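Chemist: I need the structure of the sequence given here:
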Amino acid sequence: MEITIGSSITSNTPEFKVGFIQYDNIEVGPSPQMLKGRLQLFQESIFFDLQDKNVTELEGISAWRNIFKSTGKDPNRYRHSAEALFRRVKKQNYLTTINSAIDLNNFFSLQYEVPIGIYDCAGLKGDNIELKVGDTGETYIGLNGRENSLENLIVACDGDGPFGSPFVDSDRAPVGGETKNAVQIIFLNPSLSMEECRKLTKSLMDMFLAIHGGEGSFEVVRE
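Modeler: Next comes the predicted model:
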């Protein structure tokens, strides 16, 4: 599977880039105690760090708020997924375990202050994913159970249209216990160098494979 970035994104954010990982023959299940423990301790550490700080002061959170602004999406009404996680932690509404893939996704999203999406290939159509800015009238039912407007929002599209975004993913390709093959999109901080992006993406892939087995390959993509 390939991923491309449309000019509707890069015309506003020239340094836009994503990490793209493909996994094969993985086993998703309950999170191991090591992951659950690290996620809990990390959230507690973040809670104390945010006692005298606003979430929007964090570099990665601010960077993605600016990207939303650049495409015409109000970041105060549409908070990207990493910001939403940090706001939960700041309220001590800590994340509960879901499964090994989602828990690890959340852990890395908090660690790197960026949105990350993971999708079951069985729910995707075609061999190409395109990242673009959503068109007027485009919507999908999200994992939040609501119909979400995709207008002016960065979205990931396959042969059937939009299925994911840094805001909230659709309910079309969630990763769960039946997932064997998946793709992961790391919506990177544009200020990071290509070398930093590759190290970050590879680190995420290596830890994912250590927990889930299987095989993986990664790349960092820009226009």
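Chemist: for the protein, just list every one of the helices.
Modeler: Assigned by DSSP state H, the helices in the chain fall at 7-10, 33-49, 59-71, 81-90, 100-112, 194-212.
Chemist: nearest approach to Asp169 belongs to which of these?
Modeler: helix 81-90 (8.2 Å; CB to CB). Where C-beta positions appear, they are placed from N, C-alpha and C, glycine not excepted.
Chemist: next one: the residue lying farthest from the centre of the chain from Lys90, what distance?
Modeler: No residue in the chain sits farther from the centre than Asp52, which is 26.6 Å out by CA atoms, centre = their mean. Counting by CB to CB, to the nearest Å, the separation of Asp52 from Lys90 is 11 Å.
Chemist: is the most centrally placed residue in the chain bridged to anything, and to what?
Modeler: Centroid check for the chain by CA atoms, centre = their mean gives Ile116 as the closest residue, at 1.3 Å. Taking DSSP bridges as the rule, Ile116 bridges to Ile186.
Chemist: so who does Asn99 touch?
Modeler: The neighbours of Asn99, taking CB atoms under 8 Å, 6 or more residues apart in numbering as the test, are 28-31, 175-177.
Chemist: how near is Asp120 to Asp158?
Modeler: 12 Å.
Chemist: which one of these two is surrounded by more residues?
Modeler: Asp158 (22 against 19; other CB atoms under 10 Å).
Chemist: next up, the contacts around the closest residue to Gly159 other than its chain neighbours.
Modeler: Excluding its sequence neighbours, the residue lying closest to Gly159 (CB to CB, 6 or more residues apart in numbering) is Gly126, at 3.3 Å. By CB under 8 Å, 6+ apart, the contact set of Gly126 is 158-160.
Chemist: just Gly213 next, same as before
Modeler: 25-27.
Chemist: one more time with 6 Å, if that's ok
Modeler: Applying CB atoms under 6 Å, 6 or more residues apart in numbering, we find Gly213 in contact with Glu27.
Chemist: next one: the one 4 residues further on
Modeler: Taking CB under 6 Å, 6+ apart as the criterion, Ser217 is in contact with Gln22.
Chemist: just Glu130 next, same as before
Modeler: 4, 6, 157.
Chemist: partner residues bridging it?
Modeler: Thr4, Cys157.
Chemist: just to revisit the earlier point, mind checking pLDDT for the residue farthest from the centre of the chain?
Modeler: Per-residue pLDDT puts Asp52 at 90.
Chemist: with Glu223 instead?
Modeler: pLDDT, Glu223: 74.
Chemist: ok, Phe187 to Ala122 distance?
Modeler: From Phe187 over to Ala122 (counting by CB to CB), the distance is 23 Å.
Chemist: one more: Phe47?
Modeler: With CB to CB as the criterion, Phe47 and Ala122 are 37 Å apart.
Chemist: no further queries at this time; thank you.
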